[in-house]
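Q: Prediction below, plus the sequence it came from.
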Amino acid sequence: MKLETVTGKGKVSVSFLEEVMRKSGENLNLCYQCLKCTVGCPTAPYMDIRPNNIIRMIQMGMKKEVLGSSAIWFCVYCQTCGTRCPNEIHIGVLMDALREMAIEEGVPAKEKNIHLFHEAFIQSVRRGGRAHEVTMLMEYMLRSKDMMKGSLIPGMKLFLKGKFPLLPSFIKERGEIKRIFEKCQTKIKE
């Protein structure tokens, strides 16, 4: 049986809320809109929908609007929100689940090629257990054909100062990372 609730906009499905909570592991019913997540978020000023509003829209079953928003792609997983939330809701985990749902459902991102950047980041972590900026950006640039011209000069300055190592470093337990990714793939298929 499909649950529905009545809002000012009419009936909305609650199944989206249940799906997001299952995929993210976050109990969004605990959110009482204190705004601590949004106030502490370094990327909130650049989001089209603020983190607290993302949660509220999920609660209201606004799947199309949430998955099509830029906000889900702007989260940098700094964990400030989860640290400040009185109910320990980790929006970074939530946003990651929403990004994966958007990819699975073929919902295009508003920002050109942002999903390719996300995929390059994930592949970088999958290969070495941590992100390696140089290979990640090279993969992104090759797949997107976006040469990031405005970023090349600052990037070169950082590279010349030794901030971006040319070769990636790998964690010792790369097999463990592989098992984590395999387990995640299994859960996604369920």
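A: That came through, no problem. Residues are numbered from 1 along each chain as shown.
Q: what ranges do the strands span in the protein?
A: 4-7, 10-13 (DSSP state E).
Q: Need the mean per-residue confidence for the first one.
A: When pLDDT is averaged over strand 4-7, the result is 46.
Q: again with stretch 143-161
A: On average, stretch 143-161 scores 75.
Q: which parts of it are buried?
A: 144, 155 (16 or more other C-beta atoms under 10 Å). Yep, even glycine has a C-beta here, placed from its N, CA and C like the rest.
Q: Pull the residues that contact it.
A: Contacts to stretch 143-161, defined as C-beta atoms under 8 Å, 6 or more residues apart in numbering, come from residues 112-113, 116-117, 119-120, 134, 137, 140-141, 164, 166.
Q: Go through the residues you listed and name the one nearest residue 22.
A: residue 119 (23.0 Å; C-beta to C-beta).
Q: Pull the contacting residues for that closest one.
A: residue 143.
Q: And it, how close does it get to residue 18?
A: Plainly put, residue 119 is 27 Å away from residue 18 if you go by C-beta to C-beta, to the nearest Å.
Q: ok, now which ones touch the closest residue to residue 52 other than its chain neighbours?
A: Spatial nearest neighbour of residue 52, chain neighbours left out: residue 38 (4.6 Å); criterion: C-beta to C-beta, 6 or more residues apart in numbering. Going by C-beta under 8 Å, 6+ apart, residue 38 touches 44, 50-53.
Q: Rounded mean pLDDT for stretch 92-104, please.
A: Here the average pLDDT along stretch 92-104 is 93.
Q: Show me what counts as buried in that stretch.
A: 92-102.
Q: Okay, and which of the residues you listed map to helices?
A: 92-102 (DSSP state H).
Q: From residue 76, how far out is the residue positioned nearest the centre of the chain?
A: Taking C-alpha atoms, centre = their mean, the centroid of the chain lies closest to residue 96, which sits 3.3 Å from it. For residue 96, the distance to residue 76 (C-beta to C-beta) stands at 11 Å.
Q: Tell me how the chain divides into domains.
A: If you go by automatic domain parsing, the domain ranges for the chain are 1-108, 112-190.
Q: okay, the ones you listed, which one's buried deepest?
A: Most buried of the domains of the chain by mean neighbour count (mean count of other C-beta atoms under 10 Å) is domain 1-108; its value is a mean of 17.
Q: For residue 39, give its distance to residue 95.
A: 17 Å.
Q: just residue 70 next, same as before
A: 11 Å.
Q: Much appreciated, bye for now.
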